[in-house]
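S.K.: A predicted structure for the sequence below; I have some questions about it.
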Amino acid sequence: MNQSFKTLSLAAILGVCFFAAARAQEGIRFNSQGEFKAVLAESQKTGKLIFMDCYTSWCAPCKWMEKNVFVNDSVAAFFNARFVNYKMDMEKGEGPVLNKRYGVKVYPTYLFLNGKGEVVHKATSRMEADAFMDQARKALDPKRSFTALEKKFNEGDRSNAVLLEYAIALQHFNRQKADSVAQLLIAQLQDKELLTEIGWKTIQQFTWSETERLGAWFLQHRDAYAKKFGEEPVKKMQERLTSSALYGLIRKKDSVAFFTRLAPWKQSSDQDLQRRAFQMEAEYYLTSGNIAGFVQLTNDALKGLMKDDDQGLSFIARRSSYMAGKDKLVLAQAYKMAKRAAEINPEEYSNQSTYAKASQEMGYKEEALKAAEKSYQLALKETSKIQGLAQKLIDEIKAM
C-alpha cells in the first residue's frame, strides 16, 4: 500500500470517527418545529411510536433532563433508533391544544403515542438515564405499558404483578388512586411472598413507616433481604424508615427517644449519615425552639463536619431562614452557613441566591446586592422562571 493511499485511508477513518462522535453528542434528535399531524404521519409511515417530551420554558427539571439525560449516548442511540422524537413547549404554538387533549398537568411529562395519537405509555418528572430508559422499554412492551396495565386492571386483573406495576405508574399522575391500588396489593400479599422480587419492590415503593406491616416485616427480616437483594438497597430502605421515625419524634418533641435513635447516625463512620444526623438535629432544635442548641450545633458543624459541604450548608441555611421568623440568632446562623456555602462553590446559583437572601434578612444591603447580582448571572444559564426570581430578589434588595 503506497503512502498516499495510507494517508487517504487514515483521513477517511478519522472522518468517520469524527462524524460518529458528533452524531453521538447530538443526543436525542427531536422534531421541535413540525406540526403534530406531520409527526403522526411519520409514526404511521415508519411504524415507530412517538416519544413526546412535554415541557415549558420555566421548568427546571425539563432543563436538567436536556442537559443530563437526553444527551446521554446510550439514551440517544436507543430513542433515535426506536421512536419518532417530538418536543413541545406546552404553552406555545400547538402546545395548549395538545395540553388539553392529553391532560398534561406536570412538567416534564413524557408521552409515548401511536400513529393515531393514542397514549400507549406515559411518565413524568426528572429521572436518571437508567430509569428513563426503563420507561421507554415499558412503552415498547405490550405487557408493561401504562395503557396495557390500565386495561388489565379495568378488566379485573388483580394479580400481584399487575397491581404493583400499575400502582407504580399511577404515582406520576394520580397519587390517590396509586395509594388505593397499592393498598389492594399490600392487603393480598402473603408473608411468604414478601421475600420475593415483587414483595421487595412493593416494600421499596410503598413503605415509609416501621410501624406498618411491611415496614415491621422488613426490619424483622433485614438480613434475609440483604442476602437476597444486596446490602446497599437494604441499607437505604432502613435509613428511610429511621428518617420517618425521627421526624415523628421531632413532631412529638420526645427528646430522649429522638437522641437515642439519632445516636447511631452521629457515631457512624459514614460521613453521609453524620451529615443527615446533623440536619435532623438542626430540625429538632428549630422545631422545639432550642435556639442555643441550634447555634452550638451549627457553629461546631461550620468548623468540622459541614465546613466543605456547600449543598448541605445551603440547605440548612434556607431551612433555618424559613423557620426563624424574626429570631436574629437563627438568622445570623443562616447567614454564616449561606456565606460559607457561597465561598465553597461561588458558581452555584442556589448558593448565591441563598447567600443574597440571608444577607438581606440581616440587613446587609451591599453584600446582599452583590450576591443577588451574581445569582442573576448564574440564572441566565437556567430557566426564565429562575431568572425572574433572581431579578425579583435584586429589586427587593435595591428597595431596602
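M.R.: That came in fine, so what should we check first? Residues are numbered from 1 along each chain as shown.

S.K.: secondary structure element for the closest residue to residue 281 other than its chain neighbours?
M.R.: Nearest residue to residue 281, sequence neighbours excluded (C-beta to C-beta, 6 or more residues apart in numbering): residue 297, at 5.7 Å. Where C-beta positions appear, they are placed from N, C-alpha and C, glycine not excepted. Assigned by DSSP states H and E, residue 297 belongs to helix 291-303.

S.K.: swap in residue 85?
M.R.: Assessed by DSSP H and E, residue 85 sits inside strand 83-89.

S.K.: contacting residues around that strand?
M.R.: 28-32, 34, 36, 39, 42-43, 46, 48-57, 79, 94-95, 98, 112, 136 (C-beta atoms under 8 Å, 6 or more residues apart in numbering).

S.K.: go again with 6 Å.
M.R.: 28, 30-32, 39, 42-43, 48-54, 79, 95 (C-beta atoms under 6 Å, 6 or more residues apart in numbering).

S.K.: repeat for stretch 361-374
M.R.: Identification of contacts with stretch 361-374 by C-beta under 6 Å, 6+ apart yields 331, 335, 352, 355-356, 359-360, 393-394, 397, 400.

S.K.: and what of stretch 99-119?
M.R.: The contact list for stretch 99-119 (C-beta under 6 Å, 6+ apart) reads 40, 43-44, 49-52, 54-56, 59, 61-62, 65, 90, 120-124, 139.

S.K.: so, low pLDDT: which residues of the stretch 1-150 of the chain?
M.R.: Low-confidence regions of the stretch 1-150 of the chain, defined by pLDDT under 70, span residues 1-25.

S.K.: next, give phi and psi for the most centrally placed residue in the chain.
M.R.: In the chain, the residue lying closest to the centroid (C-alpha atoms, centre = their mean) is residue 126, at 5.1 Å. When read as degrees, to the nearest 10, the backbone of residue 126 gives phi -70, psi 140.

S.K.: with adjacent residues omitted, what lies nearest to it?
M.R.: residue 61 (3.7 Å).

S.K.: send me the very next helix or strand once past the helix holding residue 297 as PDB with only the CA atoms.
M.R.: Using DSSP H and E, the helix or strand that directly follows helix 291-303 along the chain is helix 310-324. Extracted C-alpha coordinates of helix 310-324, given in PDB (Å, rounded to 0.1, in the frame of the first residue of the first chain):
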ATOM      1  CA  ASP A 310     -21.800  23.700  50.300                       C
ATOM      2  CA  GLN A 311     -25.100  21.900  49.400                       C
ATOM      3  CA  GLY A 312     -25.700  20.800  52.900                       C
ATOM      4  CA  LEU A 313     -25.000  24.200  54.400                       C
ATOM      5  CA  SER A 314     -27.100  26.000  51.800                       C
ATOM      6  CA  PHE A 315     -30.000  23.700  52.500                       C
ATOM      7  CA  ILE A 316     -29.800  24.200  56.300                       C
ATOM      8  CA  ALA A 317     -29.500  28.000  55.700                       C
ATOM      9  CA  ARG A 318     -32.700  28.000  53.700                       C
ATOM     10  CA  ARG A 319     -34.500  25.800  56.100                       C
ATOM     11  CA  SER A 320     -33.500  27.800  59.200                       C
ATOM     12  CA  SER A 321     -34.300  31.100  57.500                       C
ATOM     13  CA  TYR A 322     -37.800  29.700  56.800                       C
ATOM     14  CA  MET A 323     -38.300  28.600  60.400                       C
ATOM     15  CA  ALA A 324     -36.600  31.500  62.000                       C
END
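
S.K.: who are the packing partners of helix 310-324?
M.R.: Using 3 or more C-beta pairs under 6 Å, 6 or more residues apart in numbering; DSSP states H and E, the elements in contact with helix 310-324 are helix 271-288, helix 328-344, helix 349-362.

S.K.: the residue nearest to the centre of the chain touches residue 66, doesn't it?
M.R.: No: Residue 126 is beyond contact range of residue 66, at 10.6 Å (criterion: C-beta atoms under 6 Å).

S.K.: residue 294 versus residue 328, what's the distance?
M.R.: Using C-beta to C-beta, to the nearest Å, residue 328 is found at 13 Å from residue 294.

S.K.: for those two, indicate the residue with more neighbours.
M.R.: More crowded of residue 328 and residue 294, by other C-beta atoms under 10 Å: residue 294, with 25 against 11.

S.K.: what's the neighbour count on the nearest residue to the more buried one once chain neighbours are set aside?
M.R.: Nearest non-adjacent residue to residue 294, counting by C-beta to C-beta, 6+ apart: residue 285, 3.8 Å away. Close neighbours of residue 285, defined as other C-beta under 10 Å, add up to 21.

S.K.: what's the answer for the one 10 residues further on, then?
M.R.: Using other C-beta under 10 Å, residue 295 is surrounded by 16 other residues.

S.K.: contact partners for residue 288?
M.R.: By C-beta under 6 Å, 6+ apart, the contact set of residue 288 is residue 253.

S.K.: for it, give me the pLDDT.
M.R.: Per-residue pLDDT puts residue 288 at 94.
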